[in-house]
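K.L.:
Build me a structure from this.
(one chain, ligands or ions: 1)
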Amino acid sequence: RAKADIAQSGHAAARPSDRRAAELAAGLRRSRAMIDPKFLYDTQGCVLFNAICELDEYYPTRTERAIFETHRDAIVGALPAGAQWVDLGCGDCAKSRGFLAHADVRRYLGVDIAVDWIRAEVDRLGRQFPGIDCVAVAADFAQGLDLSDELGDVARMPPVFFYPGSSIGNFPPERAVGLLGAIRGQTGPAGCLLISADLRKDPGVLEHAYADDLGVTAAFNRNVLRVCNQVLGSDFHPECFDHEACFDAAHGRIEMHLVARAPQRVRWPGGERAFQAGEAIVTEYSYKYTPAQFEGLLAEAGFSRCRMWTDARGWFGVFLAQP
Ligand code: AVI
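P.N.:
The predicted structure is shown next:
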């Protein structure tokens, strides 16, 4: 079970801060240095990510919003009645609001790793929708998802899992199938999954979306080195690394890199790593799928029916997957 309340119980072998430091050190020691993308999202990283979502180049957020608005009635009409709405990575619950106003929902579960922050947001949602029982759940579902206790009898109150933002694209396909499979295991016979995925398109459009002219994504990427310095005690100089985003066609993914401008050595308590000029640290993958590929992942995860809504350019997909 990936539950923050269990992770914080103090009985784990290593303290969470030590585990995070060990994970960073292990990634940096790999022949191709890597930093897990979850480290991008400290408070400053979240502010920068929200700014990215407003950029002209970063089309996913506004394209998804437009698809939700255009096809709201069709989407809502396909959802089960008397549902419990499970908002995965709910944040400020903003994307759910437009659906809760129209769908037949009895209960809302806001699931997020940052439970202290979301508690206030979920309470606010509860005041806006007094007829819906709103609950905040602490879980790092990237590590696995088991909400069976919170969901209760799914045959009586079918869950609608909601996973917007194309965040599934930040998992490699095999891990994505694992998470989708865990969701499928908890839908029951009448529940479903409403999920977004960014679709394949011209690599130039993709690369520009991840390397904007203002340099906001560059700042977001470099910020992870500051996080490293805080968590691991390393002595990275973020300004000595260049942001790079390139589309790897063979894997169908954008790769975000931090590229050493000059030879340098980075030290941390108990370790160090030398970088040649031009050597990269991989900080994020963002997979882009064709509709058929993404439907294939959903099928592999155990969903047998699937519908997709998209925009006029076919850049972004909203999928409703049912058992
Ligand atoms: C959160 N996730 C879906 C974003 C993406 O597009 O992969 C993260 C991001 N990284 C750079 N820009 C946006």
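K.L.:
for this protein, which spans come out with low pLDDT?
P.N.:
For the chain, the stretches flagged by pLDDT under 70 are 1-13.
K.L.:
In a helix, Ala21, correct?
P.N.:
Yes: assigned with DSSP: H, G, I helix; E, B strand; the rest coil, Ala21 falls within a helix.
K.L.:
Quick check: buried residues in the longest helix seen in the chain?
P.N.:
The residue-count maximum for a helix in the chain (DSSP state H) belongs to helix 59-77. For helix 59-77, the neighbour count (16 or more other CB atoms under 10 Å) marks 59-61, 63-65, 67-68, 71-72, 75-76 as buried. Bear in mind the C-beta positions are built from the backbone N, C-alpha and C, glycine included.
K.L.:
now do stretch 163-182
P.N.:
Under the neighbour-count criterion of 16+ other CB under 10 Å, stretch 163-182 has 163-171, 173, 176-177, 179-182 buried.
K.L.:
give me the number of residues near the closest residue to the ligand within the stretch 1-150 of the chain?
P.N.:
For the stretch 1-150 of the chain, the residue closest to the ligand is Ile52, as judged by CB to the nearest ligand atom, at 5.0 Å. Look at Ile52: counted by other CB atoms under 10 Å, it has 19 neighbours.
K.L.:
for Ser31, same thing?
P.N.:
Neighbour count for Ser31, taken as other CB under 10 Å: 4.
K.L.:
cool, Gly314 as well?
P.N.:
Residues near Gly314, counting by other CB under 10 Å, number 13.
K.L.:
sec struct for it, please.
P.N.:
Three-state assignment for Gly314 (three-state DSSP): coil.
K.L.:
Just want the phi and psi numbers for Glu284.
P.N.:
Backbone torsions for Glu284, taken as degrees, to the nearest 10, come to phi -160, psi 140.
K.L.:
again but with Arg175, I slipped
P.N.:
According to degrees, to the nearest 10, Arg175 has phi -70, psi -30.
K.L.:
Name the next helix or strand downstream of the longest helix of the chain, please.
P.N.:
strand 83-88 (DSSP states H and E).
K.L.:
Now Asp153, what are its backbone angles?
P.N.:
In terms of degrees, to the nearest 10, the main-chain angles of Asp153 are phi -80, psi 100.
K.L.:
what distance separates stretch 178-196 from the centre of its chain?
P.N.:
Stretch 178-196 has its C-alpha centroid displaced from the chain centroid by 16 Å (CA atoms, centre = their mean, to the nearest Å).
K.L.:
repeat for stretch 244-255
P.N.:
Taking mean C-alpha positions (CA atoms, centre = their mean), stretch 244-255 and its chain are 18 Å apart.
K.L.:
chain center to the longest helix of the chain: distance?
P.N.:
18 Å.
K.L.:
what's near enough to touch the closest residue to His102 other than its chain neighbours?
P.N.:
Nearest in space to His102, with sequence neighbours left out and distances taken as CB to CB, 6 or more residues apart in numbering, is Val76 at 4.8 Å. For Val76, the contacting residues are 99, 102-103, by CB atoms under 8 Å, 6 or more residues apart in numbering.
K.L.:
Make a ChimeraX selection of the buried ones in the residues you listed.
P.N.:
Selecting only the buried entries of the contacts of Val76 in ChimeraX, with 16+ other CB under 10 Å as the criterion:
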select :99,103
